[in-house]
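In: 3D, please:
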Amino acid sequence: MKKILNSKPGKVIVTIIVILLLLLVGFFYVSGDRKSEVADSNVEMESEETVQTSDLEEDDSEEVEEESSEEATEEETDEEETTEEASNNTIKAAKKPATNTTVAPVVEAPVVTEEENIVVAANIPVAAPAAQQSAPAAPATQQTVVAQPTPTPTPEPTPTPTPEPTPTPTPVPTPTPTPEPTPTPVVVENGTLAGTVRLASDRTTPVENASVVIKNTDGETWNVVTDSEGRFNMVLPADQYSAEISAEGFEVNHVDNAVVRPNETLNLAVVYLIASEAEENGIASGNITDALTGRGVAGATLKVRRGSNNVESGDIVATATTADNGDYSVELPIGNYCMSIEKEGYISGSINIIVQQGTTANQNGSITPIVSENDEDELYRMVLTWGEDPRDLDSHLVGNLSNGETYHVYYSHKTQMDGEEEACKLDVDDTTSYGPETVTLDAELDSPYYYYVHLYAGDGTIATSGAKVEVYKGTTLVRTFNAPSVGEGRYWNVFALTDGQIIVKDVIEAEPDTEYATNGSATESEPTDTTDETESSETEESEPAETEVTETTEATEAEAEETEESAETESEDTEAEAE
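Out: Numbers count the residues shown, from 1 in each chain. Down below sits the predicted model:
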């Protein structure tokens with residue numbers, strides 16, 4: 001063996017083997033460096049992906065507050081320094097095995113014998129096979145063991161918070177205040193309350209300086225005193241009132257239910273003052289008649305309450321029933337009272353009575369029978385009553401027929417027919433004081449009907465007569481008129497009726513007035529195809545007709561007045577002869 005090795009061919013072989021071993025070692029060394037570079041490249045690529053992922057995560061966390069971001073940055077910086085140190089150490093450790101593989105252990109070269117052709121190892125440095133296998137495994141160990149360096153995160157600059165711009169407040173325009181509409185002031189129309197105060201002892205003497213306290217439903221009061229004629233009047237807002245009339249030495253007279261209407265004068269019934277008498281009783285007496293017949297009403301129920309015009313309120317202080325001839329008598333403490341009158345088949349009525357020392361007689365009243373139910377919406381009834389003087393007051397009604405002609409109902413022409421129908425009738429004509437005198441009217445037409453009272457005969461005046469007119473529509477008392485306390489003349493123009501509306505005049509005058517109401521039906525009754533000339537000629541013709549009727553009426557009244565006076569004279573002569 002030694003010979004072989006020492007021989008020239010043996011040395012050549014050994015030299016070749018050594019060269020091959022060196023080449024092999026160099027090959028492994030180069031391969032290890034390349035694998036290390038590839039691993040480093042892979043680490044860098046993964047680091048870049050990690051950085052990108054971190055960037056995305058940091059973009060999603062933009063809403064984290066500034067203080068938390070700074071703390072996270074400091075922690076990441078510490079980790080970076082630690083990671084860099086570990087990475088450097090790992091890389092150094094990875095490179096050492098590659099260097100060791102270049103140093104091969106010396107092994108004896110095999111010696112080849114002739115018989116067995118075996119090569120005996122000589123003292124030639126030969127790389128161990130195990131070392132040859134471990135050299136290429138180093139890079140794999142590097143990928144498994146070496147921790148990938150955590151990429152240094154580039155701290156994103158903390159964004160300077162952009163302050164949200166404070167919105168410029170849009171000025172809300174101040175709304176122009178809509179002025180509240182000034183409420184239209186309620187115009188309260190006024191009317192007048194008037195009356196006369198007299199002594200109850202003779203029913204004619206006026207009471208001067210009597211105190212009149214007027215009160216409305218809200219408790220407001222007005223004060224007035226009577227003049228030398230015992231009269232008073234007060235302009236008041238339209239409303240319902242009561243009044244207390246008093247004078248020294250007399251009982252207080254309380255008057256209820258005084259309704260003042262706009263632009264009208266309400267004349268109270270004559271107010272009688274009774275001399276004060278301590279604990280004295282007196283008697284009131286009179287007669288109750290049927291307004292249609294003038295005869296006494298038997299069996300009527302009488303209910304007495306304190307105060308004038310007091311039909312419903314307060315206690316009933318006395319009751320009575322009329323006799324067969326309609327007479328009544330009640331005894332009561334001295335004072336002023338209101339007596340209601342009721343009987344089946346009649347419309348209830350009432351009268352004021354006075355009770356003073358002794359007996360006060362001729363305090364009469366009347367009630368009207370109920371009108372037929374079929375005609376109650378069309379029939380009106382005017383009932384006139386008055387005192388002892390004047391002894392004869394007459395009711396008059398002037399109206400139109402369906403053919404346009406004018407008619408006049410009074411004591412000399414008591415019934416007026418319109419075709420087959422009764423248009424108007426004077427039911428009762430009283431000539432001996434007190435009344436009643438009653439007119440029934442079928443007011444089918446829209447043309448005006450005028451009602452007035454004529455002082456026919458007797459002493460005194462209408463203003464002093466205590467006259468009263470009650471107006472009924474069907475079974476309802478719709479208005480009451482008391483004679484005015486002022487006015488000269490023999491005619492009391494009371495009211496007109498037009499299309500169901502009462503037009504009030506209520507004035508004492510020298511002549512009757514049948515023109516103050518508007519005749520709204522005159523034009524409507526004209527044919528629609530008539531010309532203006534026809535209307536004009538018809539108007540001109542109708543005016544003389546009215547004048548003629550008026551003249552005829554006045555002449556007839558004069559004649560009737562003479563006839564009635566002569567009849568009264570004859571009656572007086574007859575009575576004298578009989579005596």
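
In: Do a quick rundown of the helices in the stretch 301-450 of the chain.
Out: In the stretch 301-450 of the chain, no segments count as helices under DSSP state H, counting those that start in this stretch.

In: low-confidence ranges in it?
Out: The stretch 301-450 of the chain contains residues with pLDDT under 70 at 372-377.

In: rerun at 50
Out: Applying pLDDT under 50 to the predicted model, the residue ranges of the stretch 301-450 of the chain that meet it are 375.

In: and if you look at the stretch 101-250 of the chain?
Out: Counting by pLDDT under 50, the ranges of the stretch 101-250 of the chain that qualify are 101-145.

In: switch to 80 and redo it
Out: 101-175, 177-188 (pLDDT under 80).

In: And the strands in it, which stretches?
Out: Taking DSSP state E, counting those that start in this stretch as the criterion, the stretch 101-250 of the chain carries its strands at 106-108, 123-125, 190-199, 211-216, 221-225, 231-237, 239-246.

In: Tell me which of these is the most buried.
Out: Ranked by mean neighbour count, these are led by strand 190-199 with a mean of 21 (mean count of other Cβ atoms under 10 Å). Placement of C-beta: from N, CA and C, glycine included.

In: per-domain residue ranges of the chain.
Out: Residue ranges for each domain of the chain read 190-273, 277-370, 371-518, as given by the TED database.

In: how far does the first one stretch from start to finish?
Out: Translated: domain 190-273. Using Cα to Cα, to the nearest Å, the end-to-end distance of domain 190-273 comes out at 28 Å.

In: Now name the helix or strand holding Phe495.
Out: In this structure, Phe495 sits in strand 491-498 according to DSSP states H and E.

In: Please identify the pairing partners of that strand and their relative orientation?
Out: With DSSP bridges as the criterion, the sheet partners recorded for strand 491-498 are strand 449-457 (antiparallel), strand 501-509 (antiparallel).

In: Return the set of buried residues in the first one.
Out: I take that to be strand 449-457. Counting neighbours by 16 or more other Cβ atoms under 10 Å, one finds that the buried residues in strand 449-457 are Tyr449, Tyr450, Tyr451, Tyr452, Val453, His454, Leu455, Tyr456.

In: Following the chain onward from it, which element is next?
Out: Criterion used, DSSP H and E; the element after strand 449-457 is strand 468-473.

In: Quick check: which helices or strands does that following strand pack against?
Out: Using 3 or more Cβ pairs under 8 Å, 6 or more residues apart in numbering; DSSP states H and E as the contact criterion, the secondary-structure elements in contact with strand 468-473 are strand 379-385, strand 476-482.

In: Pick the most buried one from those.
Out: Looking across those with neighbours counted as mean count of other Cβ under 10 Å, the highest average goes to strand 379-385: a mean of 24.

In: Just the CA atoms of it, as PDB, please.
Out: What follows is strand 379-385, C-alpha atoms only, in PDB (Å, rounded to 0.1, in the frame of the first residue of the first chain):
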ATOM      1  CA  LEU A 379    -154.400  84.300  13.600                       C
ATOM      2  CA  TYR A 380    -153.500  87.300  15.700                       C
ATOM      3  CA  ARG A 381    -155.600  88.800  18.400                       C
ATOM      4  CA  MET A 382    -155.300  92.300  19.900                       C
ATOM      5  CA  VAL A 383    -156.900  92.800  23.300                       C
ATOM      6  CA  LEU A 384    -157.400  96.400  24.600                       C
ATOM      7  CA  THR A 385    -158.200  97.100  28.200                       C
END
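
In: hey, what's Lys303 bridged with?
Out: In this structure, Lys303 has the following beta-bridge partners (DSSP bridges): Thr319, Ser340.

In: Could you report the neighbour count for it?
Out: A total of 17 residues lie near Lys303 under the criterion other Cβ atoms under 10 Å.

In: looking at this, Leu23 is in a helix?
Out: Yes: looking at Leu23 with DSSP: H, G, I helix; E, B strand; the rest coil, it is inside a helix.

In: just to revisit the earlier point, now distance to Leu379 too, for the buried residues of strand 449-457, in a markdown table please.
Out: Rendered in a markdown table, the data for those read as follows (distance: Cβ to Cβ, whole Å):
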| residue | distance to Leu379 |
| --- | --- |
| Tyr449 | 12 |
| Tyr450 | 18 |
| Tyr451 | 14 |
| Tyr452 | 20 |
| Val453 | 20 |
| His454 | 23 |
| Leu455 | 27 |
| Tyr456 | 26 |
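
In: Tell me the one of those nearest Glu420?
Out: Among the buried residues of strand 449-457, Tyr449 lies closest to Glu420 (Cβ to Cβ), at 20.0 Å.

In: and that closest one, what does it touch?
Out: Tyr449 sits next to Leu397, Val398, Gly399, Asn400, Leu441, Ala443, Ala496, Leu497, Thr498 when contact means Cβ atoms under 8 Å, 6 or more residues apart in numbering.

In: now the residues you listed in a markdown table, with neighbour count and distance to Val428?
Out: Below are the contacts of Tyr449 laid out as a markdown table (neighbours: other Cβ atoms under 10 Å; distance: Cβ to Cβ, whole Å):
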| residue | neighbour count | distance to Val428 |
| --- | --- | --- |
| Leu397 | 23 | 14 |
| Val398 | 22 | 19 |
| Gly399 | 25 | 19 |
| Asn400 | 21 | 24 |
| Leu441 | 22 | 14 |
| Ala443 | 20 | 20 |
| Ala496 | 24 | 22 |
| Leu497 | 22 | 20 |
| Thr498 | 20 | 26 |
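
In: circling back: could I get the helices and strands packed on strand 468-473 as a markdown table with distance to Met417?
Out: Supplementary listing: the helices and strands packed on strand 468-473 in a markdown table, determined by distance: least, Cβ to Cβ, whole Å:
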| stretch | distance to Met417 |
| --- | --- |
| strand 379-385 | 15 |
| strand 476-482 | 26 |
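
In: so which of those strands gets nearest Glu164?
Out: Of all those, strand 476-482 sits nearest to Glu164, with 82.3 Å by Cβ to Cβ.

In: who does that closest one touch, helix- and strand-wise?
Out: Where contact means 3+ Cβ pairs under 8 Å, 6+ apart, strand 476-482 is packed against strand 468-473, strand 491-498, strand 501-509.

In: Nearest to Thr170, out of those?
Out: strand 501-509 (63.8 Å).

In: Dump the closest one to PDB, keeping only the CA atoms.
Out: Extracted as PDB, the C-alpha positions of strand 501-509 are listed here (Å, rounded to 0.1, in the frame of the first residue of the first chain):
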ATOM      1  CA  GLN A 501    -142.900  91.000  12.000                       C
ATOM      2  CA  ILE A 502    -144.100  93.600  14.400                       C
ATOM      3  CA  ILE A 503    -143.100  97.100  13.600                       C
ATOM      4  CA  VAL A 504    -143.500  99.400  16.600                       C
ATOM      5  CA  LYS A 505    -144.500 103.000  16.600                       C
ATOM      6  CA  ASP A 506    -146.200 103.400  20.000                       C
ATOM      7  CA  VAL A 507    -146.800 107.100  19.800                       C
ATOM      8  CA  ILE A 508    -149.900 109.200  20.800                       C
ATOM      9  CA  GLU A 509    -150.700 111.600  17.900                       C
END
